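Trainee: A predicted structure for the sequence below; I have some questions about it.
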Amino acid sequence: MPKQYLPLLGKPVLNWSIEAFKNHPLVSNIIVVIHPDHEQLFKSAAPGIKYVTGGGTRQQSVQKGLTALRPAKPDIVLIHDAARPLISNTLITDLCQAAIKSDAATPALPVTDTVKRNGKTENREGLYTAQTPQAFRFDLIDKLHQKYQDKSLTDDAALCEAEGHPVTYVPGQSDNIKITHPADLARAEQYLASRCNDVRTGQGYDVHRLVPASGGRKLMLCGIAISHDHVLEGHSDADVGLHAITDAILATIGAGDIGQHFSDNDPRWKNADSATFLKHAAALVAQQGGIIAHVDVTLVCEAPKISPHRTAMQQRIAEILRLPVQRVSVKATTTEGLGFTGRREGIAAQSIVTTRLPFVITASEQQTEEQRKWAS
């Protein structure tokens, strides 16, 4: 498996970079340059994202990406390694602002280790390690790539250096690592977990009435179609399990409930696949820089039996949320014949979800804290 598509906390490495740019307010277009042999991998990993196939060298691949961007006429372009998944919003902003002022900017970190060459110690003063993304005025870097297309340079700032054009250094990120070796994936997971130290728990609950099956409608539970003589009644596919999980995710970010996002009066959601609702809730967490750490759902019903479908349900939920299947729990219970579930009038589901988000103090929270300090 190419390293860009290896799973990192349930999502392909490439997707972390795509989402960072997609959720940034200054970014209006994203073009991913991929290996010609990886089209199916990419379409599966990042559906709906524009892409072009690359060339024989890194420089040729960047040229193809720039060519694809010309119709959009961007002011600034950022060129990023797909194997660097930990890019932050702050660094993207800093690079854009620097490129607006100086036409070219790259993140860099000063070399702090002792450097030796052939057994001799080198002077490390003025030495930096360069990172990506690197930001440029679009017209400048596009022309330089055309002018120096026969050269094989290891980064795009080197084209500016070849032209004698100055490049502004912006402080890089120590955790903006490039995935090269298997151990780098473990390091990246640790960095992501350390960023997301605001651990939250949300609860979701949903109920749908059981009605006789008709018109070919299937009983949907946790994303799986189950053969049964009754189905769940609802505006969408009435998947009570996915609805409960959706509400639990929304609860962790204070985003209301499923009805606020997908009204049952809206014809767009008539018979809709509830996976759409779950993906939407997960995307809202991602927009806040968060990750879903664990999902637990309990189905309450007398029939059908859930145990034969439990593994398939876990796998489907994990697939929708891009989680390792070990982070998804599906359980079932009965009410021993008591209540509406005991009378087989409906099915209920309860879910608890854990998410991790960057710990950010909002302006209102800061004001409250200052007031508390003054009062004390």
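Mentor: Right, received. Where do you want to start?
Trainee: buried residues in whichever strand or helix holds Asp139?
Mentor: Using DSSP states H and E, Asp139 sits in helix 138-147. If you call a residue buried by 16 or more other Cβ atoms under 10 Å, then helix 138-147 has these buried ones: 138, 140-142, 144-145. Heads up, the C-betas are built off the backbone N, CA and C, glycines and all.
Trainee: how far does it sit from its chain's centre?
Mentor: 31 Å (Cα atoms, centre = their mean, to the nearest Å).
Trainee: point out where the stretch 251-376 of the chain drops to low pLDDT.
Mentor: Where the stretch 251-376 of the chain drops to pLDDT under 70, the residues are 360-376.
Trainee: 90 instead, please
Mentor: Counting by pLDDT under 90, the ranges of the stretch 251-376 of the chain that qualify are 263-267, 270-271, 283, 286-291, 322-324, 358-376.
Trainee: and the strands in it?
Mentor: 291-300, 328-333, 346-357 (DSSP state E, counting those that start in this stretch).
Trainee: what lines up beside the longest one in the sheet?
Mentor: Translated: strand 346-357. In the sheet, strand 346-357 lines up against strand 198-212 (antiparallel), strand 291-300 (antiparallel) (DSSP bridges).
Trainee: which one of these lies closest to Glu189?
Mentor: strand 291-300 (9.9 Å; Cβ to Cβ).
Trainee: that older thread, just say which of the strands paired with strand 346-357 is most tucked in.
Mentor: For the strands paired with strand 346-357, average neighbour numbers computed from mean count of other Cβ atoms under 10 Å are highest in strand 291-300, which has a mean of 21.
Trainee: how far off centre is it?
Mentor: On Cα atoms, centre = their mean, the centre of strand 291-300 falls 18 Å from the chain's centre.
Trainee: show residues contacting it.
Mentor: Under the criterion Cβ atoms under 8 Å, 6 or more residues apart in numbering, residues 9-10, 192, 196, 199, 221-222, 240-241, 244-245, 248-249, 282, 285, 306, 317, 321, 323, 327-335, 341, 347-357 lie in contact with strand 291-300.
Trainee: select only the buried ones of those in PyMOL?
Mentor: In PyMOL syntax, the buried subset of the contacts of strand 291-300 is picked out as below (16+ other Cβ under 10 Å):
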select buried, resi 9+10+192+196+221+222+240+241+244+245+248+249+282+285+306+317+321+323+327+328+330+332+341+347+348+349+350+351+352+353+354+355+356+357
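Trainee: pull out the buried positions in the strand or helix carrying Ile18.
Mentor: Secondary structure from DSSP H and E places Ile18 in helix 13-22. Judged by neighbour count (16+ other Cβ under 10 Å), helix 13-22 contains these buried residues: 13-21.
Trainee: and those, which is closest to Pro36?
Mentor: For those, the nearest to Pro36 is Leu14 (15.9 Å; Cβ to Cβ).
Trainee: name the nearest residue to that closest one, ignoring sequence neighbours.
Mentor: The spatial neighbour of Leu14 that comes closest, neighbours along the chain excluded (Cβ to Cβ, 6 or more residues apart in numbering), is Gln4 at 4.4 Å.
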